[in-house]
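Undergrad: Whatever this is, show me its structure:
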Amino acid sequence: MPHISDRLRELSRPTGEEDLLTVSYPRPRISVPPWIACTIAVLVAAGILVWLGISSRAEPYAATSPTSSTPAPSSLVVSVVGEVDNPGLVTVAPDARIADALDHARPKPGIDLLNLNLAKRLTDGEQIVVGMPAPVPGPAGEPGQGLLSLNAATKEQLMDLKGVGEVTAEAIIAHREEIGGFSSVEQLMDISGIGPAKFEGLKDQVQL
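TA: Predicted structure coming up:
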């Protein structure tokens, strides 16, 4: 009969199947105290609120940034008509005065400039009339009323004339600037759109 020790040795001999066994090892568990979790949550919430506050203050500043302001014009364009050697449009500096525009237009010798304030600052689109009557206020062509000056009238005043609309008023001003001022009322017929019939209705409403 085999000895007991031999039997035990046989039973404890490796069989080669030991690697197939699955061994489960316990995983360590990390436990965070509740007060630490609450502290972290409060800090995260405070950080979000601070970030939102900074963003809301930055937006109005960007809206009022100086870069959004409209730049000042670099030059002005005015019209000089009447008794000058160089009538027409004149480009001047933003702070220019009537005297600066007249230096370019060169009033003719002997022309009275007392009706002009040479120190007046110019505005863009302004018209300077040299040596001719100023526009007569009020409606023109009615009994007892003065006639409108073709060489001094504005676009709005020309549109008050009977039979003159916006297009015709702009054409009259453009022709006036081109020729340096009207020398006769009949020159109105040189303008496209003003024929003999329309001129008959205008001639008694205007003067030079």
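
Undergrad: Now stretch 101-120: average pLDDT?
TA: Average pLDDT, stretch 101-120: 86.

Undergrad: Verify the contact between Lys162 and Gln205 for me.
TA: Yes. The pair Lys162 and Gln205 qualifies as a contact (CB atoms under 8 Å) at a distance of 6.6 Å. C-beta coordinates here come from the backbone N, C-alpha and C atoms, glycine included.

Undergrad: pLDDT at Asp95, what is it?
TA: At Asp95, pLDDT is 90.

Undergrad: Name the nearest residue to it, ignoring sequence neighbours.
TA: Arg121 (6.8 Å; CB to CB, 6 or more residues apart in numbering).

Undergrad: Stretch 52-61 - what's its average pLDDT?
TA: 60.

Undergrad: actually stretch 195-208, not the one I typed
TA: 86.

Undergrad: Now that stretch: buried residues?
TA: Neighbour-count burial for stretch 195-208, counted by 16 or more other CB atoms under 10 Å, picks out Lys198, Leu202, Gln205, Val206, Gln207, Leu208.

Undergrad: go on, stretch 116-125?
TA: Residues of stretch 116-125 classed as buried: Leu116, Leu122 (neighbour count, 16+ other CB under 10 Å).

Undergrad: now the end-to-end length of that stretch.
TA: Terminal residues of stretch 116-125 lie 17 Å apart, using CA to CA, to the nearest Å.

Undergrad: Wasn't Val77 part of a helix?
TA: No. Secondary structure of Val77 (DSSP: H, G, I helix; E, B strand; the rest coil): strand, not part of a helix.

Undergrad: Please name the bridge partners of it.
TA: Val77 has these beta-bridge partners by DSSP bridges: Thr91.
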